[in-house]
Structures are given as structure tokens and as C-alpha cells.
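Enquirer: return atomic coordinates for the entry below.
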Amino acid sequence: VAFSGATACVAHIDSVHLHVANTGDCRAVLGVHEEDGTWSTLPLTRDHNAYDEFEIRRLKREHPRSEEKTLFVNDRLLGILMPSRAFGDVQLKWSKELQHSILENSCDVEALNIYQYVPPNYHTPPYLTAEPEVTYHKLRSKDKFLVIASDGLWEMLSNEKVVKLVAGHLTELNMQKSPLTFKKPVNLGYMHNLLLQRKSKGLASLDQNIATHLIRHAIGGNEYGEVDPEKLAAMLSLPEDLARMYRDDITVTVVYFNSETIEDYYRNH
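Expert: Here you go, the predicted structure:
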């Protein structure tokens with residue numbers, strides 16, 4: 001199991017105090033509703049990979065200057081791994097001797113065949129760390145939701161697109177739930193027709209689960225920002241060994257904040 005790898009991103013919310021711990025290339029993004037009615041994004045994490053200058057500098061500090069050109073090859077750590085922080089993946093953490101010892105004493109012949117490869121230029125391990133980067137944010141009433149997702153989502157959708165989709169979904173759900181109001185008395189027939197009209201428009205196809213909504217757009221979205229049913233069906237029908245060529249695994253969590261609770265906090269402090 002230790003030779004397999006995983007990245008992780010977790011959030012801890014205590015009143016208005018939000019802490020996010022990230023290891024790898026998952027991402028946490030706040031959806032912010034500005035005073036002018038527009039939506040903006042506030043990333044709370046950095047992707048730990050070869051595109052992040054902080055990670056490049058950190059690894060250069062931790063290893064000899066003679067290894068600077070081999071730390072990242074083809075935008076991968078030692079030419080193997082995309083994220084520069086992860087749990088597991090001990091082939092980039094343990095010494096060669098320890099790896100060989102563990103594998104040779106293992107009864108798992110398949111694992112021995114898969115993991116006995118040692119990457120080139122493997123001189124001063126560990127190259128990979130599971131140490132998380134922790135950030136803090138004090139919630140404001142305009143902070144409406146937090147999206148935490150694995151890199152499979154962010155490879156398909158930008159921060160701005162994700163926040164736009166969640167905001168739009170939230171607005172449509174509120175429209176569905178809002179009561180009908182009338183300026184003058186109406187009969188039951190009129191109300192019945194209005195309800196039928198609203199149901200027909202009605203967002204009957206709207207996903208009740210926002211995480212499902214985001215994943216559907218990520219793998220089935222077209223250039224017009226809509227979900228193409230045929231594309232979605234095709235992507236979901238791909239066999240496991242082929243699907244990896246078109247999309248990564250996707251995990252999504254969306255947390256909504258109660259603006260009234262946040263405002264109450266500031267009134268009392």
C-alpha cells in the first residue's frame with residue numbers, strides 16, 4: 001500500500017475561522033459574492049507541482065545543487081510524479097536499500113515486478129513529502145461557499161468556471177424553493193398553470209447535488225458551457241484502462257456558509 005500514492009485537502013471550520021491543509025495538487029477555492037453582485041474566486045491552496053515556483057525553490061534548497069536539473073524532468077518530480085507532495089509513493093521517499101529490502105521480503109510478486117524500478121538520479125531521498133501546507137482565512141459574510149476538489153476537476157474547469165457553476169446552481173435552487181407571490185387574488189386554475197410552467201422550465205434536469213453538477217460539467221461540458229448528453233455518456237462509458245487517457249479521478253466537496261451566522265459573529269465580537 002505504501003508504494004501507492006494519494007494527495008489530500010481538508011478544511012476545518014470553527015465559527016468564522018477556516019483552516020485548510022493541503023498536500024499535493026488538490027485545491028480549495030472560496031466563492032465570494034461581491035457587493036456589486038458579481039462573483040469572484042479566492043484560492044486557499046497552491047498546487048504542489050513543477051509549475052509552482054515555491055515548490056521548485058523548496059526542493060532546490062533541500063537537495064544538492066548538482067541535482068537542480070534532474071529534480072523535475074518533463075514537469076514531473078524525477079520524471080515520474082506530477083505532485084511534489086503526496087502520501088505514500090515511497091519509491092520517492094525511502095532509500096534504495098530499504099525499498100529493495102521491503103520488496104524482496106514481500107510475498108506479493110506482482111508488487112515486486114511493478115515497484116522494483118528505481119528512478120534515475122535517485123541520490124538524496126526523500127524527494128517527496130506528505131507535509132501539508134496550512135492556510136488560514138477569516139470568513140466574511142460575502143464568502144458563500146467553499147469548493148474542495150481533486151485535480152481531476154481543476155484540469156477540466158477553471159476556478160472561475162467552478163464558482164460560476166456553483167453560484168448559478170445555488171440561484172436556480174433558490175428560485176425553485178421560493179414561494180409564488182401575487183399582487184391580486186387568483187384562482188386555483190391560474191396557480192396550477194403557473195406551477196406547471198415553472199416545473200416545465202423547472203430545472204427538472206438540475207442536479208440536486210452540486211458536486212454531481214460540477215462533475216457532469218467537467219466531463220460532459222462543451223464549448224458553450226453546457227453539458228452535452230452524448231459526450232457525457234461517452235465519457236462515462238469508457239473502460240477503466242482507457243478512461244485514464246481522457247480524465248483523471250474526480251472527487252468534489254462543496255460547503256455552503258450561513259451568512260447570517262457569520263454576521264452574528266461580527267455583531268457579537
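
Enquirer: mind saving the C-alpha coords of the longest helix along the chain as PDB?
Expert: Ordering each helix of the chain by length in residues (DSSP state H) puts helix 159-177 first. Below are the C-alpha coordinates for helix 159-177, written out as PDB (Å, rounded to 0.1, in the frame of the first residue of the first chain):
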ATOM      1  CA  ASN A 159     -11.500  28.300 -10.600                       C
ATOM      2  CA  GLU A 160     -13.800  31.000 -12.200                       C
ATOM      3  CA  LYS A 161     -15.900  28.400 -14.100                       C
ATOM      4  CA  VAL A 162     -16.400  26.300 -10.900                       C
ATOM      5  CA  VAL A 163     -17.500  29.300  -8.900                       C
ATOM      6  CA  LYS A 164     -19.800  30.400 -11.700                       C
ATOM      7  CA  LEU A 165     -21.400  27.000 -11.900                       C
ATOM      8  CA  VAL A 166     -21.900  26.700  -8.100                       C
ATOM      9  CA  ALA A 167     -23.300  30.300  -7.900                       C
ATOM     10  CA  GLY A 168     -25.700  29.600 -10.800                       C
ATOM     11  CA  HIS A 169     -26.800  26.300  -9.300                       C
ATOM     12  CA  LEU A 170     -27.500  28.000  -6.000                       C
ATOM     13  CA  THR A 171     -29.500  30.700  -7.600                       C
ATOM     14  CA  GLU A 172     -31.700  28.200  -9.500                       C
ATOM     15  CA  LEU A 173     -32.300  26.100  -6.500                       C
ATOM     16  CA  ASN A 174     -33.400  29.100  -4.500                       C
ATOM     17  CA  MET A 175     -35.800  30.000  -7.400                       C
ATOM     18  CA  GLN A 176     -37.300  26.500  -7.200                       C
ATOM     19  CA  LYS A 177     -37.800  26.800  -3.500                       C
END
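
Enquirer: that helix - what's its average pLDDT?
Expert: Averaged across helix 159-177, the pLDDT comes to 88.

Enquirer: what is that helix packed up against?
Expert: Under the contact criterion of 3 or more CB pairs under 8 Å, 6 or more residues apart in numbering; DSSP states H and E, helix 159-177 touches strand 27-33, strand 39-43, strand 143-149, helix 210-220. Placement of C-beta: from N, CA and C, glycine included.

Enquirer: mean pLDDT and distance to residue 14 added to those, as TSV?
Expert: Converted to TSV, the helices and strands packed on helix 159-177 look like this (pLDDT from 0 to 100; distance: least, CB to CB, whole Å):
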stretch	mean pLDDT	distance to residue 14
strand 27-33	98	16
strand 39-43	99	19
strand 143-149	99	14
helix 210-220	95	23
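
Enquirer: which ones are touching the closest residue in space to residue 16 that isn't next to it in sequence?
Expert: With CB to CB, 6 or more residues apart in numbering as the criterion, residue 16 has its nearest non-adjacent residue at 4.2 Å, and that residue is residue 139. Residues touching residue 139, when contacts are defined by CB atoms under 8 Å, 6 or more residues apart in numbering, comprise 13, 16-18, 257, 262.

Enquirer: before I go, just wanted to say thanks for your time.
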